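Visitor: Below is the sequence, then the predicted model.
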Amino acid sequence: MAAKQTTAMTIDELADLLVREFPQSGHLGLIIEQAGDMTARLRMPVNESHLRPGGTVSGPTLFWLADVGLYIAVLAMIGPRTQSVTTSITMNFLRLPSTADLIAEVRLLKLGRRLAVGDISLFSDGMPDPVAHVTGTYALPPDA
């Protein structure tokens, strides 16, 4: 039987941490809908600044959402250890996103003492199939 997972930070604490530690992210309108139990779900309203020529959401926007989604899922489990950093990330673009809100569904596959590994599915709100699939690894700082 698997051990019960506990959550180290609430959604409000995670949102406050993002504003405090990464003020540049505030203008993106990120909404943390769920975080904890080795998962997270984030919503990012799409606006014209996220679009590339051709009217679709840009790759860097998708990449940012996936990376911050994994960061949120990790911190929800380990607490405000803000020195956690991305060590690798791979994105597969599957289909063109619409200009609807972007949804990131994050699942931690491994949460160890030094590394966290997760996968992220990115969706355009209202579309049943993902627009991108991402896998990533975070290096975790030593316990303080």
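Guide: Done, it's in.

Visitor: Residue for residue, what is the longest helix the chain has?
Guide: Criterion DSSP state H: the longest helix present in the chain is helix 59-78.

Visitor: Please name every helix or strand in contact with it.
Guide: If contacts are counted by 3 or more CB pairs under 8 Å, 6 or more residues apart in numbering; DSSP states H and E, helix 59-78 sits against helix 11-21, strand 31-36, strand 39-44, strand 85-93, strand 102-111, strand 115-124, strand 132-139. C-beta here means a position set from N, CA and C on the backbone, and glycine is covered the same way.

Visitor: Figure out which of the ones you listed is closest to Arg52.
Guide: The closest approach between Arg52 and any of those, judged by CB to CB, belongs to strand 85-93 at 12.0 Å.

Visitor: Please work out which residues outside that closest one touch it.
Guide: Contacts of strand 85-93 from elsewhere in the structure, counted by CB atoms under 8 Å, 6 or more residues apart in numbering, are 59, 62-63, 66-67, 70-71, 115, 131-139.

Visitor: how about 6 Å then?
Guide: Residues from elsewhere that reach strand 85-93 (CB atoms under 6 Å, 6 or more residues apart in numbering): 63, 67, 132-139.

Visitor: ok, so of those residues, who is nearest Arg41?
Guide: Set against Arg41, the nearest of the contacts of strand 85-93 by CB to CB is Val134 (14.3 Å).

Visitor: Would you convert the helices and strands packed on helix 59-78 into JSON lines that also reports mean neighbour count?
Guide: As requested, the helices and strands packed on helix 59-78 are arranged in JSON lines below (neighbours: other CB atoms under 10 Å):
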{"stretch": "helix 11-21", "mean neighbour count": "15"}
{"stretch": "strand 31-36", "mean neighbour count": "18"}
{"stretch": "strand 39-44", "mean neighbour count": "21"}
{"stretch": "strand 85-93", "mean neighbour count": "13"}
{"stretch": "strand 102-111", "mean neighbour count": "20"}
{"stretch": "strand 115-124", "mean neighbour count": "21"}
{"stretch": "strand 132-139", "mean neighbour count": "19"}
